[in-house]
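Novice: Mind folding the following:
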Amino acid sequence: MDEALRRLAAAHGVATEYLDDRRRPVSVDPDVVVRVLGLLGVDSATAADRRRELAAVAERAAAPATVAVRTGEPPRPLPGARQLVAEDGTRRDVRDELPADLAPGWYRASGAGDDVTVIVAPPRAPEAPRAWGWQLQLYALRSDRSWGIGDLGDLREFVSWTAREHGAGAVLLNPLHAPGPTHPVQPSPYTPSSRRFANPLALRIEDVDAYHQADAATRAEVDALRVAPPGARIDHDLVWAAKRSALELLWRATGRPSPEDPPDFAVYNALAERHGARWTDWPPEYRDPSSARAAAGDLAPRVAFHAWVQEQCARQLASVRETAAGMPVGILHDLAVGVDPEGADAWALADVLATNVTVGAPPDDFTPRGQNWGLPPWRPDRLAATGYAAYRDMLRAVLTHADGLRVDHVAGLWRLWWVPPGEEPNRGTYVRYDADAMLAALTLEAHRAGAVIVGEDLGTVEPEVTTALAERGMLGCAVAWFARDDHDDKLLPPAAWPERAAASLSTHDLPTVAGFLRADHVRTRAHLGILTDPDSAHAHAAHERTEWVQHLRESGDLSGRVADSVSPEPSEWDITLAMHRMLASTPCRLRLISPYDVLGEPRQPNLPGTVDEYPNWRLPLPSTLDELRADPRVSEVTAAFRDAAGDREATGDEPEPTDV
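Specialist: Numbers count the residues shown, from 1 in each chain. Model (predicted):
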């Protein structure tokens, strides 16, 4: 790769080389670099192009469009700044620097040049107390009261039960972002139409106020639409068809309320119902959100309906949070890394998204071919130019009903793996973001919401990510399958797990405990042709199982068994319970249990690298909510966490929360 291309790529944050998951250097194909630069509006195909673009970089104004500072820092130089305007309109005269006594908030600095957005964040986000709880795929809950999919009514019952009977302190949910309004409904909570609005499939229909206010005939008509609890798979299309019909009945029964200023999401939904799910195929007058609202005037009733549905979602989400009010942490929502390229956010925020590219992950041991998630990334240059307003508004929307937030693929605040159109996932490269600004906005909005932050920092993640999370008072993640010593690759003893982490045995993208112990994850991937060497993968899985059994015996967690050659082979439940005992004894701030693990479900919720080849996001829990409440395995596992908490209190090892 010639030096001019390398310099140009560095100037625009495009990687020409990177370290893989084993910290080995990998060079990026120059053709990929040229294509990614082109996606950022930088022409670098020829030597002349590169010289011209480098000259443009040199001529660019030195002052950034957005700067981020922390409260308490010394004055920050900002040449040309003459006045600061706070969010409430308060003005303050300055001269070429940012004062040290600024309160947390969003400011606009004006002066001789262009205006600059200033993000002033507290040094740290709210501190997470030491607690344990559950990581829950809400859609997978089954009850006689929900309509074919887990809903917010089930969640309230789950939260109340586990907090009251077990002393659980947190429930981490899958993303509750909104899918599109048309069929087929996107089942993946990580490919939403919008991250700013909620999923109406999670509504408990009978908890909508209009249901109780309706006459008996209307309620009977609504009741007749009920969907039976799911069987082998969740049918998202069936659920949405039934709930949409029920909600339309209730909306009409309550007088077809119409908000004065409906959100752009409601406008998108109305247009998608008429013109199809792909907004890039809509008539030209509807592709631009600024003109679509006026052009879609004849769709006002549908716009009003979708706005009303979101109001019902907000009310039920608030009710869930009220139910969790006494928990040490409470309800943690999950922020997906991106959105559907044809969805509401991609339509409304096209000016700050790179809608002609998708993101994913480079090859690693779990996905040797890499991953393409099909999601358009933020454009770092346009985020900065617009003062991170779209990113800020998204954070505020999710945090409105959250006590905490898990940021999926938090390394995306630093860099994302861009895959040019038509390329395989391994034919991509990283594009860098202004992590200081992204973290400052996240810290500030978390501070305002009083929410703890968990960053999912698994996989190919630079060490600076985990370090920065800790400095900001945020938690990283620790997962049993990856908990190994960096020097000898041996399994970490519980005491060596990181304190500043949300810990779990697995995640939605990894094998469940039963799947791991049975090597179900290897058989499934081999059957689907994902593995390049199935025999080696099977041998490795068998070795890991043996390694874990020995590790649990040596730690004393495996039902008191000792490590000798005559000990009987432990049962799957023996190992599962021992792994939870080990997890409970770690020093991690937040320790999370998955119902899939407790119930012995061998299939993981999602299998990366597949779409319809595997029932991703369609697998209900093998037991109903009532059966889960009565299952003795739940009592055994939760007792281990209560006992571990009691032991720490008795020995004085319980860490004190740090004041923010």
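
Novice: Tell me which residues touch residue 449, please.
Specialist: Going by CB atoms under 8 Å, 6 or more residues apart in numbering, residue 449 touches 396, 399, 400, 402. The C-beta positions use only the backbone N, C-alpha and C, and glycine is treated the same way.

Novice: same thing but 10 Å
Specialist: With contacts defined as CB atoms under 10 Å, 6 or more residues apart in numbering, the neighbours of residue 449 are 125, 126, 395, 396, 398, 399, 400, 401, 402, 403, 404, 405.

Novice: Likewise for residue 442?
Specialist: 119, 121, 125, 335, 391-392, 395, 399, 405, 407, 410, 413, 451, 453, 455, 472, 474.

Novice: ok, then the element right after whichever strand or helix holds residue 272?
Specialist: Secondary structure from DSSP states H and E places residue 272 in helix 264-275. Where DSSP H and E defines the elements, the next helix or strand beyond helix 264-275 is helix 284-287.

Novice: Just the buried residues of the next helix or strand after that following helix, please?
Specialist: Downstream of helix 284-287, the first helix or strand assigned by DSSP H and E is helix 289-295. Using 16 or more other CB atoms under 10 Å as the burial criterion, the residues of helix 289-295 that qualify are 289, 292, 293.

Novice: Kindly state the pLDDT recorded for residue 651?
Specialist: What the model reports for residue 651 is a pLDDT of 63.

Novice: residues touching the closest residue to residue 264 other than its chain neighbours, list them.
Specialist: Distance criterion CB to CB, 6 or more residues apart in numbering; nearest residue to residue 264, sequence neighbours excluded, is residue 348 at 4.5 Å. By CB under 10 Å, 6+ apart, the residues touching residue 348 are 194, 196, 263-265, 267-268, 279, 289-290, 292, 339, 390.

Novice: And the buried residues of helix 289-295, which is the shakiest by pLDDT?
Specialist: Minimum confidence in these sits at residue 293, scoring 87.

Novice: Assess the claim that that one and residue 267 are in contact.
Specialist: Yes: using CB atoms under 10 Å, residue 293 makes contact with residue 267 at a distance of 5.5 Å.

Novice: Between the two, which contacts overlap?
Specialist: 286, 299, 300, 303.

Novice: on that earlier part again, just the ones of the contacts of residue 442 in strands?
Specialist: Among the contacts of residue 442, the residues falling in strands (DSSP state E) are 119, 121, 335, 405, 407, 453, 455.

Novice: so how far is the longest helix anywhere in the chain off the chain centroid?
Specialist: In the chain, assigned by DSSP state H, the helix with the most residues is helix 300-323. Distance of helix 300-323 from the chain centroid (CA atoms, centre = their mean, to the nearest Å) equals 21 Å.

Novice: ok, the nearest residue to residue 433 once chain neighbours are set aside to residue 53 distance?
Specialist: The shortest distance from residue 433 to any non-neighbouring residue, by CB to CB, 6+ apart, is to residue 380 (4.7 Å). Here residue 380 is placed at a distance of 16 Å from residue 53 (CB to CB, to the nearest Å).

Novice: same thing with residue 516?
Specialist: To residue 53, residue 516 is 49 Å away according to CB to CB.

Novice: So between these two, which is more surrounded?
Specialist: residue 516 (26 against 21; other CB atoms under 10 Å).

Novice: Shouldn't that one be within a strand?
Specialist: No: going by DSSP: H, G, I helix; E, B strand; the rest coil, the assignment for residue 516 is helix, not a strand.

Novice: hang on, it packs against residue 523?
Specialist: No: taking CB under 10 Å as the definition, residue 516 is not a contact partner of residue 523, at 11.9 Å.

Novice: what residues do these two have in common as contacts?
Specialist: 541, 602.

Novice: circling back: if you tally nearby residues, what's the number for the residue nearest to residue 433?
Specialist: Neighbours of residue 380 (other CB under 10 Å): 21.

Novice: Could you verify my assumption that it touches residue 353?
Specialist: No: Residue 380 is beyond contact range of residue 353, at 11.2 Å (criterion: CB under 10 Å).

Novice: what sits against the residue nearest to residue 433?
Specialist: So residue 380 contacts 12-13, 40, 352, 354, 415-416, 431-434, 437-438 (CB under 10 Å, 6+ apart).
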